[in-house]
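> Below are the sequence and a predicted model; questions follow.
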Amino acid sequence: MWDIIRLTAARIAEKIAAGELTAVEVTEAHLARIEATDEKVHAFLHVDREGALAQARAVDAQRGRGEKLGPLAGVPLALKDAFTTVGIPTTCGSKVLEGWIPPYDATLTRKLKEAGVVILGKTNMDEFAMGSSTENSAYGPTGNPWDLNRVPGGSGGGSAAALAAFQAPLAVGTDTGGSIRQPAALTGTVGVKPTYGGVSRYGLIAYSSSLDQGGPCARTVLDTALLHEVIAGHDPLDSTSIDVPVPPVVEAARSGSVEGMRVGIVKQFAGEGYQDGVILRFEESVELLKELGAEIVELDCPSFDLAMAAYYLIAPSEASSNLARFDAMRYGLRVGDDTALSAQEVTALTREAGFGPEVKRRIILGTYALSSGYYDAYYGSAQKVRTLIMRDFDRAFAEVDVIVSPTMPTTAFPIGERVDDPLAMYLADLCTIPTNLAGNSAMSLPCGLAPEDGLPVGLQIIAPATKDDRLYRVGAAVEAAFVRRWGRPLLDEAPSLG
Ligand code: GLN
């Protein structure tokens, strides 16, 4: 089992295509790993053993018939429970959707199936993707494989933990304010938030529709690129899907280089609240970029200081509207049905019982920010800040090809430390939020362990909209340089979990 689960997705696909491994063997090895470790990690909310094996058998049969296999055929994947999967429970981490079995597949799910990717199951997440630690899941927290008493980040902690625990070589997350990149940083894995509209949102349960973006997660830059190519592309079922060619991400990941590139460092992504080890590893990464031939440019983006405040008005506003659909009348939980209560009372009781405290907090905040008399002062002002952030990015990208920063101000914090302090939790996304507000693309990849606690640190790379390939070009160059320096991939240092 061990030699199969340590392989990259690219290697697994090659070995399956060459007949050195079958998709069923690969799937069984990962299912066995999940069985052996997930009681401790709790990355999965639902494991679809039968479905996964059936998909694997189909890939093996396809190969047996001599058909050409896609670049990730037979490779197992952990899917965030925010995407609908026909016939498989989809909860979005909420009690309000407990037991719901979607009648349709998200476009992303369909694309994975068509590519022969084996979906192992659905991963744990903060309820409705609201959070930075996966502690807001209605089904209990996920542990960080580096230290099970610490959070794996959020909201997509389950997907990132599954990668770091070697339960799956590929995963999918969603990123509204950092939920792909931030868990990647805390688990020593790679995660990409594609350009807004680059990956279809059809069948992605909506949190904040103008910010939500599904994206690829893996242990290497190349694997992330291979998955990116499978899930991206225009979708007529999503009105915000962009109709442009998918950026050449795989080619970029294979040819990684920063020679002659201009790399920006933003003044606002530093200062109080950043852990020493994070700053240290970030500064080393900047030195490395110089050594690799990049020119470093210092940038000032003053509006980024307002990004957090704008985000926490815009995201809850959209959430308050999106979550109005959970009214107990159509699907999901229904409380008080057996009494003589009115429909309105049943809705109220259901929402009271079905939503957790963070979701309620955001619905109340959003409803308030959108209410007449306050709309202009709160929501309207936040939208103006959003425009300023876009302009700061435009100015920055007139001078540089990409921007780099730490992904997250600290390493993984202990489970329980920030649950009762929403503001401290919100600060986890300081560096990731501006990208979502502007709609451009960004990656997090590991850049070492913080000396003070031995936990992974993430390097964030930000590129302009539709230029996602630059993330992979720079990411692959940095990753290769780190492997040369360390003599091995970072995750080889992760605890084995027995
Ligand atoms: N932590 C942020 C929030 O709670 C971002 C979450 C996300 O990207 N889904 O809203």
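Ah, there it is. Because the structure is a prediction, the values reported are computed rather than measured.

> what does this structure put close to the ligand?
With the criterion set to C-beta under 6 Å from any ligand atom, the chain comes near the ligand through 129-132, 155, 175-179, 207, 315, 429. The way it works is simple: take the backbone N, C-alpha and C, and place the C-beta from them, glycine included.

> ok, now with 8 Å
Contacts of the chain with the ligand, taken as C-beta under 8 Å from any ligand atom, map to 126, 129-132, 154-156, 174-180, 182, 207-208, 211-212, 311-312, 315, 358, 362, 425-426, 428-429, 432-433, 436.

> Just the ones in helices from the residues you listed, please.
Secondary structure defined by DSSP state H assigns Q182, Y311, Y312, A315, E358, R362, M425, Y426, I433, N436 of these to helices.

> separation between the third one and E135?
Relative to E135, Y312 is positioned 18 Å away (criterion: C-beta to C-beta, to the nearest Å).

> and what of the fourth one?
Going from A315 to E135 by C-beta to C-beta gives 18 Å.

> and if you look at T37?
Distance of T37 to E135, given as C-beta to C-beta: 20 Å.

> With R57 instead?
When distance is defined by C-beta to C-beta, R57 is 37 Å away from E135.

> For these two, work out which one has more neighbours and name it.
Between R57 and E135, counting by other C-beta atoms under 10 Å, E135 is the more crowded of the two (22 against 15).

> Now do the contacts for the spatially most central residue of the chain.
With distances taken as C-alpha atoms, centre = their mean, the residue of the chain nearest its centroid is I180 (2.0 Å). Under the criterion of C-beta atoms under 8 Å, 6 or more residues apart in numbering, the contact partners of I180 comprise G156, S159, G173, T174, G191, V192, K193, G215, C217, S444.

> which ones among these are found in helices?
For these, the ones inside helices are S159, with DSSP H as the criterion.

> Between all of the contacts of I180, which two are separated the most?
T174 and S444 (14.4 Å; C-beta to C-beta).

> ok, these two, which is more surrounded?
Just comparing T174 and S444: by other C-beta under 10 Å the higher neighbour count belongs to S444, 36 against 27.

> is the more buried one in a bridge, and if so with what?
Going by DSSP bridges, S444 is paired in beta bridges with G191, Q460.

> Was I right to think it contacts V457?
No: contact criterion C-beta atoms under 8 Å: S444 and V457 do not qualify, at 9.9 Å.

> Which neighbours do the two have in common?
Taking C-beta under 8 Å, 6+ apart as the contact criterion, the common neighbours of S444 and V457 are A185.

> I'd assumed A343 was in contact with L349.
No: using C-beta under 8 Å, L349 is not in contact with A343, being 10.9 Å away.

> So those two - more neighbours on which side?
Neighbour tally, L349 and A343, criterion other C-beta under 10 Å: the higher count belongs to L349, 18 against 10.

> Three-state assignment for that one, please.
helix (DSSP: H, G, I helix; E, B strand; the rest coil).

> Now do the same contact list for it.
For L349, the contacting residues are A328, V335, G336, L341, taking C-beta under 8 Å, 6+ apart as the criterion.

> related to what we said a few turns ago, and of the ones in helices among the residues of the chain next to the ligand, the nearest to Y202?
Among these, and counting by C-beta to C-beta, the member closest to Y202 is N436, at 19.0 Å.
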